[in-house]
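**Student:** here is the input, now give the coordinates:
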Amino acid sequence: MPRAVDLRLLRAVDLRLLAALRDCGRDPRVAAAARTLSWSGEHGALWLAAGLAGAALDRERRADWLRGAALTAAAHLASMGVKRIVRRPRPGHVEPLVRTAGRHSFPSSHATSAVAAAVAYGALRPAGARVLPPLAAAMCVSRMVVGVHYPSDVAAGAALGAFAARAGTTWRGARTHA
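**Tutor:** Sure thing, here's the model as predicted:
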């Protein structure tokens, strides 16, 4: 029976955190920023574009940038596969600020691709690498502010993205540069 209590507690925390973060979206500036992040992260677009830009601009490490983009895309696809299996509905108790491509919310594919990119590209230590973790975190939070994911969806997506990118960089023997 302790497991049932833990699940009820998780659900209650999920609902409260989502409601609190969604309330932040009442500020028009916060809502606009969250919508922009959500839009730019659709299907991993921002992160894939960053990898392709890195490959175009950093010829010496082109293969590493392309590997990072491939890992980001693979992580995103993995999250979509998990969504099809789990089939958790999106939050229905808050008004979303954006439309979504699908009905399922677990895990957050935006969080998966954002964290995968932060890990994969961060390993390359590019100029400006310090912006990757805060931008990925903002992307993750934006999904709750716009009301389309529970915190547990985002946490699971972030964990999947980190795992996929880390496993991929280890498996492929990606180089890191100081």
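
**Student:** which stretches in this structure count as helices?
**Tutor:** For the chain, applying DSSP state H gives helices covering 2-24, 28-40, 45-57, 62-86, 109-122, 132-145, 151-171.

**Student:** which residues touch the residue positioned nearest the centre of the chain?
**Tutor:** Ranked by distance to the mean C-alpha position of the chain (Cα atoms, centre = their mean), the top residue is Ala111 at 1.2 Å. Taking Cβ atoms under 8 Å, 6 or more residues apart in numbering as the criterion, Ala111 is in contact with Met139, Cys140, Arg143, His149, Asp153, Val154, Ala155, Ala156, Gly157, Ala158, Gly161. C-beta coordinates here come from the backbone N, C-alpha and C atoms, glycine included.

**Student:** equivalent analysis for Met144, please.
**Tutor:** By Cβ under 8 Å, 6+ apart, the contact set of Met144 is Leu17, Leu18, Leu21, Arg22, Tyr150, Pro151, Val154.

**Student:** which two of those residues have the greatest separation?
**Tutor:** Within those, Arg22 and Val154 form the most distant pair, 12.8 Å apart (Cβ to Cβ).

**Student:** show me which of the two is the more surrounded one.
**Tutor:** A side-by-side neighbour count of Arg22 and Val154, using other Cβ atoms under 10 Å, places Val154 first with 30 against 22.

**Student:** Val145 is in contact with the more buried one, correct?
**Tutor:** No. Using Cβ atoms under 8 Å, Val154 is not in contact with Val145; the gap is 10.8 Å.

**Student:** excluding chain neighbours, what is closest to the residue nearest to the centre of the chain?
**Tutor:** Closest residue to Ala111 apart from its sequence neighbours, by Cβ to Cβ, 6 or more residues apart in numbering: Gly157 at 3.2 Å.

**Student:** confidence score at the one you found?
**Tutor:** In this prediction, Gly157 carries a pLDDT score of 95.

**Student:** okay, now the unreliable bits of this protein?
**Tutor:** Along the chain, segments meeting pLDDT under 70 span 1-5, 169-178.

**Student:** give me the neighbour count for the closest residue to Trp39 other than its chain neighbours.
**Tutor:** The shortest distance from Trp39 to any non-neighbouring residue, by Cβ to Cβ, 6+ apart, is to Val98 (7.2 Å). When neighbours are counted by other Cβ under 10 Å, Val98 registers 18.

**Student:** residues in contact with Val98?
**Tutor:** Contacts of Val98 by Cβ under 8 Å, 6+ apart are Arg35, Ser38, Trp39, Val146, Val148.

**Student:** could you dump the residues you listed into JSON lines with neighbour count added?
**Tutor:** Shown next, in JSON lines, are those (neighbours: other Cβ atoms under 10 Å):
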{"residue": "Arg35", "neighbour count": "16"}
{"residue": "Ser38", "neighbour count": "22"}
{"residue": "Trp39", "neighbour count": "13"}
{"residue": "Val146", "neighbour count": "25"}
{"residue": "Val148", "neighbour count": "24"}
